[in-house]
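Asker: Turn this into a model:
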Amino acid sequence: MDDESKTDDVKDNDDAEATESDAPESTDSDSDAAEPTDSDSPEPAQDEEAPKPSKKRRKKIKSSGSARKAGTTSTAATSSSTSSGASGGGGQGWTMIMVGLVAGLAIGWFGRDIRKQAQEGLSASADPASVAPGGSAAPADGVNPVCKKWADAVCTGAGSKTQGCQQARGASKLLPAKACQGALAEVATTVTKIKSERASCDQLVTKLCKEIGEDTQSCKMVREKTPSFPVDQCNKMLQNYAKVVGELKKMEKKNAPLSEADALAQGAGDGPSFGPADAKVTVVEYSDFECPYCSRGADAVNELKKRYEGKSVRFVFRQFPLGFHKKAQLAAEASLAAHAQGKFWPMHDIMFKNAKQLGRESLEKYAKEAGLDMAKFKKALDDRTYKGQVEADMKLGASVGVGGTPTMFVGRKRVANPTAAAPVAKMIDAELAAAGVAVTKP
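Answerer: I've put the predicted structure just below:
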């Protein structure tokens, strides 16, 4: 995340989806775009605009989160949810819980808590586990076979993602074989108790999926992620059910397939693109040259370009410079000035490789490197020749629910992770197959 675009409201959220919230204006220095940092979350990375928090709220969160390491991610939903308040005494912790569910980041957010507990259990048991009860050498993993069998039985019955399973794994490294033997005899009782305690989590899943639809992506995400939630978090979600289901419905609507008309509009025009005009599949990306996550998206596009060269796939690039990236607008115009001279993709690659330096002087340097007619290029920037085209792309993006970058569509479907080539390729291949085009593996 851009360091200068962080607000105090989001600095202590280190596990939510990788997005940037709207922030104070950055300086005009030529190096204000920090590189993205990898997190535990497998979810898509994206810059996203959000309303600024109040001064009072920023001060409160800064105070409560000062001891926590500043994270590399934040979400628009974090700011808006926090500003509206959270009931049940959950405070910001509850806000993060809700955002985690809504963004589909249970593994990245809640899973981290569970992993941390497991790691702490491992650390605490490191020394005693090295020797089995009675002084005999313990297995290489430090777990007595009887204790491992007990933990496996608990996880099989209660679910491998549940907190009870993780606790059993940790305990299996501490308990003597005799204790585990007794626990194994009563494992059915243990599993029944865990399931009983997790009844609120099961209720949450059933209730949400019934309301948003069993066949929806949101329901699939809820069923996949909720098993790793601690019970108290499920309880808090039920207490704030109206807010949670409301956000899920918004997400489902946003991620619904585009209309045929919207999909056609995205691919229309003579903007930057590659691939045949009559391609069976059209991929559209909305991007921002100052967005660090978009650099990853650019790498993915270049990989896909090689993979689908000569095939019935067309890629279209749309401009979507975010407001808090102060050099992104001019960079977008510069790319279109290059496009007018048939040099968009060389300029595209150079700018993304130098996303920290996008001032006017740097842009002119890149234009020379790309082989542009400098007189025409400079005039286009001076006259703001392509300002209107950038604004038209942004208006089009907003009409199809684009709120952050990078955002990508394959045909009518939104791509979950546009920063990785593999999932995009999977979607492209499926669309090609549906269109009757033979798909050959690279």
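Asker: secondary structure class for Pro423?
Answerer: helix (DSSP: H, G, I helix; E, B strand; the rest coil).
Asker: Where does the closest residue to it other than its chain neighbours sit: helix, strand or coil?
Answerer: Among residues not flanking Pro423 along the chain, Asn417 sits closest, at 5.2 Å (CB to CB, 6 or more residues apart in numbering). In short, each C-beta sits where N, CA and C put it, glycine included. Of the three states, Asn417 takes coil under three-state DSSP.
Asker: roughly how far apart are Asn417 and Pro230?
Answerer: For Asn417, the distance to Pro230 equals 27 Å [CB to CB, to the nearest Å].
Asker: So Glu285 lies in a strand, does it not?
Answerer: Yes. Glu285 forms part of a strand when assessed by three-state DSSP.
Asker: and stretch 158-175, C-alpha only, in PDB?
Answerer: Taking Å, rounded to 0.1, in the frame of the first residue of the first chain, the C-alpha atoms of stretch 158-175 are listed here in PDB:
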ATOM      1  CA  ALA A 158     -15.900 -31.700  14.300                       C
ATOM      2  CA  GLY A 159     -14.300 -30.400  11.100                       C
ATOM      3  CA  SER A 160     -10.700 -29.800  10.300                       C
ATOM      4  CA  LYS A 161     -11.200 -26.000  10.100                       C
ATOM      5  CA  THR A 162     -12.900 -25.600  13.500                       C
ATOM      6  CA  GLN A 163     -11.300 -24.100  16.500                       C
ATOM      7  CA  GLY A 164     -11.900 -27.300  18.400                       C
ATOM      8  CA  CYS A 165      -9.800 -29.200  15.900                       C
ATOM      9  CA  GLN A 166      -7.000 -26.700  16.200                       C
ATOM     10  CA  GLN A 167      -7.100 -26.900  20.000                       C
ATOM     11  CA  ALA A 168      -7.000 -30.700  19.900                       C
ATOM     12  CA  ARG A 169      -4.000 -30.500  17.600                       C
ATOM     13  CA  GLY A 170      -2.200 -28.300  20.100                       C
ATOM     14  CA  ALA A 171      -3.200 -30.400  23.100                       C
ATOM     15  CA  SER A 172      -2.000 -33.600  21.400                       C
ATOM     16  CA  LYS A 173       1.500 -32.200  21.600                       C
ATOM     17  CA  LEU A 174       1.200 -31.800  25.400                       C
ATOM     18  CA  LEU A 175      -0.800 -34.700  26.700                       C
END
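Asker: Show me which positions of that stretch end up buried.
Answerer: 158-159, 161-175 (16 or more other CB atoms under 10 Å).
Asker: same check, this time on stretch 209-225
Answerer: Using 16+ other CB under 10 Å as the test for burial, stretch 209-225 gives Cys209, Ile212, Thr216, Gln217, Ser218, Cys219, Met221, Val222, Lys225.
Asker: mean confidence score for that stretch?
Answerer: For stretch 209-225, the mean per-residue pLDDT is 90.
Asker: before we move on, what about stretch 292-302?
Answerer: Mean pLDDT, stretch 292-302: 95.
Asker: How about it, which residues are buried there?
Answerer: Going by neighbour count (16+ other CB under 10 Å), the buried part of stretch 292-302 is Pro292, Tyr293, Cys294, Ser295, Arg296, Gly297, Ala298, Asp299, Ala300, Val301.
Asker: Using CSV, please lay out the buried residues of stretch 209-225 together with distance to Glu309 and secondary structure.
Answerer: Formatted as CSV, the buried residues of stretch 209-225 follow (distance: CB to CB, whole Å; DSSP: H, G, I helix; E, B strand; the rest coil):
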residue, distance to Glu309, secondary structure
Cys209, 42, helix
Ile212, 40, helix
Thr216, 36, coil
Gln217, 31, helix
Ser218, 36, helix
Cys219, 38, helix
Met221, 34, helix
Val222, 39, helix
Lys225, 37, helix
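Asker: Out of the residues you listed, which is nearest to Ser312?
Answerer: Nearest to Ser312, judged by CB to CB, of the buried residues of stretch 209-225 is Gln217 at 26.7 Å.
Asker: measure that closest one to Glu252 for me?
Answerer: The gap separating Gln217 from Glu252 is 7 Å, by CB to CB.
Asker: shaky segments in the stretch 1-150 of the chain?
Answerer: Applying pLDDT under 70 to the stretch 1-150 of the chain flags the ranges 1-142.
Asker: Can you point out the buried residues in stretch 184-195?
Answerer: Buried positions in stretch 184-195, judged by neighbour count with 16+ other CB under 10 Å: Leu184, Val187, Thr190, Val191, Ile194, Lys195.
Asker: Quickly note the distance from the closest residue to the second one other than its chain neighbours to Leu238.
Answerer: Take Val187 and drop its neighbours on the chain: the residue closest to it by CB to CB, 6+ apart is Ala153, 4.5 Å away. The gap separating Ala153 from Leu238 is 29 Å, by CB to CB.
Asker: just to revisit the earlier point, among the buried residues of stretch 184-195, which are located in strands?
Answerer: Using DSSP state E, no member of the buried residues of stretch 184-195 falls within strands.
Asker: would you turn those into TSV with distance to Ala242 and pLDDT?
Answerer: Putting these into TSV (distance: CB to CB, whole Å; pLDDT from 0 to 100) gives the following:
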residue	distance to Ala242	pLDDT
Leu184	43	93
Val187	38	93
Thr190	35	94
Val191	33	94
Ile194	28	93
Lys195	27	92
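Asker: What ranges does the protein have for its strands?
Answerer: Here the chain has its strands, by DSSP E, at 47-48, 273-274, 281-287, 313-319, 404-405, 407-410, 413-414.
Asker: Could you say which of the ones you listed is packed most deeply?
Answerer: Among these, strand 404-405 has the highest mean neighbour count (mean count of other CB atoms under 10 Å), at a mean of 30.
Asker: Domains in this structure, by residue range?
Answerer: For the chain, automatic domain parsing gives the domain ranges 3-84, 260-434.
Asker: Check the separation of the first and last residues in stretch 224-232.
Answerer: 18 Å (CA to CA, to the nearest Å).
Asker: what does stretch 224-235 give?
Answerer: 18 Å.
Asker: Tell me the buried residues in it?
Answerer: Lys225, Thr226, Pro227, Ser228, Phe229, Pro230, Val231, Gln233, Cys234, Asn235.
Asker: Export those as CSV, with columns for distance to Arg314.
Answerer: Output for the buried residues of stretch 224-235, formatted as CSV (distance: CB to CB, whole Å):
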residue, distance to Arg314
Lys225, 35
Thr226, 39
Pro227, 41
Ser228, 40
Phe229, 42
Pro230, 47
Val231, 49
Gln233, 44
Cys234, 45
Asn235, 49
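Asker: just to revisit the earlier point, of the buried residues of stretch 184-195, just say which sits nearest to Ser362.
Answerer: Ile194 (58.2 Å).
Asker: thinking again about what came up before, Ser228 versus the residue nearest to Val187, what's the distance?
Answerer: Noted for Ala153: a distance of 19 Å to Ser228, by CB to CB.
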